[in-house]
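Undergrad: Please work out how this folds:
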Amino acid sequence: MGRFDKFRIDLKGMKESSLQMEYDLDNTFFADIDGQEFQKGAVKAVVEVKNRREVFDFTITIDGTVVVPCDRCLDEMEVDVEAENLLKVKLGDTYADEGDTVIIPEYEGDINLAWYLYEFIALALPTKRIHAPGKCNTDMAGKLKKHARRDEDDDTFEADEQQEREIDPRWESLKNLQIEEDN
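TA: Reported below is the predicted structural model:
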């Protein structure tokens, strides 16, 4: 039995019109999948499959936490993930990915959800992952402070938030544009 066999769903052999499975994704799952984003966590995934003649609708609900590196100090931190994703699967001649629909060769007749679960978790992560104020590694924060831009008046550390507030002057004029609404 392979590491991800329990994530395999036999679509051709599906006798009922709907099916529901629950998966507890732990550190072993994330280490085995060997993804780039994270390799630790505790996530519960609920997968509901509905057979609609030629298309299988997957509703995948994800809830839990994963451990990722902080973007600022690089220490590990837990991030909550919660998402609901839809995946459509059809049986066809060859494997294909057509936008929101995955086509699985009919002669195989099954799909392995392991990588899809990992990807849906990765998509649920925030783009900016930093510790709460005061929780970053103090050694790294000190080095960042040493090399960061300083305000000449009060010699304080300018955080990422200040840089985000600064608007590129080329885009400043876009603030004055208004979109006309169709009535």
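
Undergrad: So what's the gap between stretch 116-128 and the chain middle?
TA: 1 Å (Cα atoms, centre = their mean, to the nearest Å).

Undergrad: would you list every one of the helices in this protein?
TA: Counting by DSSP state H, residue ranges of the helices within the chain are 27-33, 114-124, 138-147, 160-165, 169-172.

Undergrad: For the spatially closest residue to residue 144 that is not a sequence neighbour, give me phi and psi.
TA: Taking Cβ to Cβ, 6 or more residues apart in numbering as the measure, residue 144 lies nearest to residue 72, with 6.8 Å between them; neighbours along the chain are not counted. Any C-beta I mention is one placed from the backbone N, CA and C, and that applies to glycine too. Summarising the backbone geometry of residue 72 under the convention degrees, to the nearest 10, its torsions are phi -90, psi -50.

Undergrad: and residue 72, how many neighbours?
TA: For residue 72, the neighbour count with other Cβ atoms under 10 Å is 19.

Undergrad: re the thing from before, just say which of the helices of the chain is most tucked in.
TA: Ranked by mean neighbour count, the helices of the chain are led by helix 114-124 with a mean of 18 (mean count of other Cβ atoms under 10 Å).

Undergrad: and that one, what's its mean pLDDT?
TA: Helix 114-124 shows a mean pLDDT of 94 in the predicted model.
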